[in-house]
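**Q** I need the structure of the sequence given here:
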Amino acid sequence: MLALVNRHRHYLKSLTGLDQQDSDRLLPLCVHAAQSNDAVVVEDTLLHDWFSQHSMVTSAPYIRFFVAIPLSGANGELTGNLCILDRQPRSLYNWQIENLKILARQSVLLLELGRKQNNLRALAAHQENIKEQERQRIARDLHDELGQNLLALKLDLTMMLEQESANLKLPLNDAIYNLNGVISGVRNIINDLRPPVLELGLYATVEWQLKKFERQSQIRAVIDASDTGNAVEVCDSAIYKSLSTMQVATLFRILQEALTNIRRHARASNVVLRLQHLGHGIEMRICDDGIGISDDALCKHQCYGLIGIRERLRACRGSLQIDTAAGQGTTLTIYLPLAK
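**A** Next up, the predicted model:
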């Protein structure tokens, strides 16, 4: 087992043969071993002056053999021990102890790598949150300033059209036509940044995105509420209010990414989406009837769409399950726990 020790608690991160994942009773053993700066090998705990009195030796689990290799980080910080326990007395050769020291160094490297990965994931989640807030701010500024100014300009041109002579009507009509195109373009930019429909609820947002996808791709996209009761009630009442702003944005961005992948790669004719309250969270299931995803495609390091979906879910403690088969389509099952 890996016994990780700090001043507040004692964690058993990996174990076989013990039924607990932390233990105050093991703490003195592990602290004593870690402070020794070298391997501690007790071939028979009952013959050891100090270990023989320990409660885990005299009672369950009746430890008779104890080995601990200290785990120390690059800065010398005490992390814990790589431990081996047995209910029978044993002895080790020197080469076995040296191999355990190698395993201990590898364990430290893996622990430090895991800590760095967690820090990178936390940073990525923070950046995603900042990006979503910035999208919201830019979309709001475009709507409040540029959008309204363009609308006021259109009204001015319309009023001029009613008052000007016939020879100016054609240029004014052309200007209004071009201005309508600009207003439509700004509206599309706002919707791409952060659709205002997000403020109306999860169900409304999903429905809007599916209709937009259907128009752009000519692929039929519907919401299936057959086994979930009233989908609008389920997703937009108390459950929707329990989702944080970041979680709602996460589900929306995941849906966008999934639909983009379907349009580009799936060769599908139909997409069915199901939203339901499941346990203490929201499940979103996206099914298509396309060609499926090959094993090679799933294992590709450049499969950034699925990587992005997984990382978004990891930041919100969610999960992703992919069910696919050649010629039988693909189902993405996304589960997101409700915000506390």
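
**Q** Please determine how far the closest residue to A326 other than its chain neighbours is located from L120.
**A** Nearest residue to A326, sequence neighbours excluded (Cβ to Cβ, 6 or more residues apart in numbering): G292, at 4.9 Å. The C-beta positions use only the backbone N, C-alpha and C, and glycine is treated the same way. With distances taken as Cβ to Cβ, to the nearest Å, G292 is found 32 Å from L120.

**Q** Pick out whichever of those two has more residues nearby.
**A** More crowded of G292 and L120, by other Cβ atoms under 10 Å: G292, with 20 against 11.

**Q** Give me the three-state assignment for the more buried one.
**A** Under DSSP: H, G, I helix; E, B strand; the rest coil, the three-state class of G292 is coil.

**Q** one step back: now the residue nearest to A326: phi and psi?
**A** Per-residue torsions, G292: phi 80, psi 180 (degrees, to the nearest 10).

**Q** go on, the one 4 residues further on?
**A** Backbone torsions of D296, given as degrees, to the nearest 10, read phi -60, psi -40.

**Q** Show me which residues of stretch 140-148 are buried.
**A** The neighbour-count check on stretch 140-148 (16 or more other Cβ atoms under 10 Å) flags 142-143, 147 as buried.

**Q** Format the residues you listed as JSON lines; extra columns: pLDDT and distance to I189.
**A** Formatted as JSON lines, those follow (pLDDT from 0 to 100; distance: Cβ to Cβ, whole Å):
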{"residue": "L142", "pLDDT": "81", "distance to I189": "6"}
{"residue": "H143", "pLDDT": "80", "distance to I189": "10"}
{"residue": "G147", "pLDDT": "80", "distance to I189": "10"}
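
**Q** which residues of the stretch 51-200 of the chain fall in strands?
**A** Remark: strands assigned in the stretch 51-200 of the chain by DSSP state E, counting those that start in this stretch are 65-72, 78-86.

**Q** Wait, a helix at H277?
**A** No - under three-state DSSP, H277 falls outside any helix and is assigned strand.

**Q** count of residues packed around it?
**A** Counted with other Cβ under 10 Å, H277 comes out at 19.

**Q** next one: L210
**A** 21.

**Q** Let me know the distance separating R87 from G281.
**A** Counting by Cβ to Cβ, the separation of R87 from G281 is 42 Å.

**Q** Counting neighbours, go ahead and name the busier of these two.
**A** Taking neighbours as other Cβ under 10 Å, R87 and G281 compare with G281 leading, 21 against 11.

**Q** Quick check: beta-bridge partners of the more buried one?
**A** G281 has these beta-bridge partners by DSSP bridges: L278, P337.

**Q** Tell me which residues touch it, please.
**A** Shown in contact with G281 (Cβ atoms under 8 Å, 6 or more residues apart in numbering): 318, 335-338.
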